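A.B. asks: can you look at this prediction? I've put the sequence above it.
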Amino acid sequence: MSKLSLSNKQKAIVPLTNSSNKLRCFTLENKSDVKDRADEKIVFSFELLDRNHKYFNLGGMKKVCDGWLIELIDTFKEISSLKWIEFKKIKKFQVHPYTNNENFKFEFDDKTMVQYDAFQIRIDQSKGRIHGFIVGNRYYVYWLDPNHNMNDSPHHQKASTFPPAKSCFEHQSDRIKYLTEENIILTQLLDEVAATK
């Protein structure tokens with residue numbers, strides 16, 4: 001696999017107004033072993049997945065519930081049967097390195113960005129993109145973009161922010177907290193009514 005040379009603008013993707021100004025460093029201890037596997041079928045790693053980013057999370061559940069998650073899983077399954085050299089030639093996935101994105105950039109230091117090739121993958125027509133890095137045969141998923149927030153286009157609305165999606169446990173915990181607080185208030189009201197009798 002040939003190393004692509006990416007300009008600073010092509011190393012696209014965290015809003016430029018990164019409040020912490022702390023860039024992450026990502027280093028593979030077995031990088032040469034992983035790179036040697038470039039002629040093997042693609043595998044996905046979620047080690048770098050940032051599901052809490054306000055533009056690239058699974059919030060806005062309507063899109064996710066409208067079959068998007070199934071499309072995503074089907075895409076992972078199909079890609080997993082291919083080698084990188086085969087995969088990047090398939091037009092329906094529109095695999096390409098990042099180009100000129102002024103709004104977002106990966107939140108990694110320059111040393112990290114020089115080491116790894118950043119690519120985006122189309123899930124399906126109007127189903128969004130997967131953003132991440134390829135090293136050998138391993139694609140590190142960084143952001144999931146069901147709402148096409150990365151790039152504006154005439155067919156999609158401007159970037160939308162969503163609170164990160166919650167797990168079933170988190171939803172239940174929120175409900176329990178709400179009901180507990182409501183119970184306290186109602187118990188106090190009953191005690192007040194009982195005290196006036």
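C.D. replies: Perfect, thanks for sending it.

A.B. asks: tell me the SS of Tyr142?
C.D. replies: Under the three-state scheme (DSSP: H, G, I helix; E, B strand; the rest coil), Tyr142 adopts strand.

A.B. asks: now it: closest residue in space that isn't a chain neighbour?
C.D. replies: Gly132 (4.4 Å; CB to CB, 6 or more residues apart in numbering). (C-beta placed from N, C-alpha, C; glycine too.)

A.B. asks: which parts of the helix or strand containing the one you found are buried?
C.D. replies: Following DSSP states H and E, one finds Gly132 within strand 129-135. Buried residues in strand 129-135, defined by neighbour count with 16 or more other CB atoms under 10 Å: Arg129, Ile130, His131, Gly132, Phe133, Ile134, Val135.

A.B. asks: ditto for stretch 77-92
C.D. replies: Ile79, Leu82, Trp84, Phe87, Lys88.

A.B. asks: just the CA atoms of that stretch, as CSV, please.
C.D. replies: Once non-C-alpha atoms are left out, stretch 77-92 reads as follows in CSV (Å, rounded to 0.1, in the frame of the first residue of the first chain):
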residue,chain,number,x,y,z
LYS,A,77,-20.1,-6.9,6.9
GLU,A,78,-19.6,-6.3,3.2
ILE,A,79,-16.3,-4.4,3.6
SER,A,80,-15.0,-7.1,5.9
SER,A,81,-15.0,-9.5,3.0
LEU,A,82,-12.6,-7.4,1.0
LYS,A,83,-8.9,-6.5,0.9
TRP,A,84,-8.1,-2.7,1.1
ILE,A,85,-6.8,-2.7,-2.5
GLU,A,86,-10.1,-4.2,-3.7
PHE,A,87,-12.3,-2.1,-1.4
LYS,A,88,-11.0,1.3,-2.4
LYS,A,89,-11.9,0.6,-6.0
ILE,A,90,-15.6,0.0,-5.4
LYS,A,91,-17.4,3.2,-6.4
LYS,A,92,-20.5,2.8,-4.2
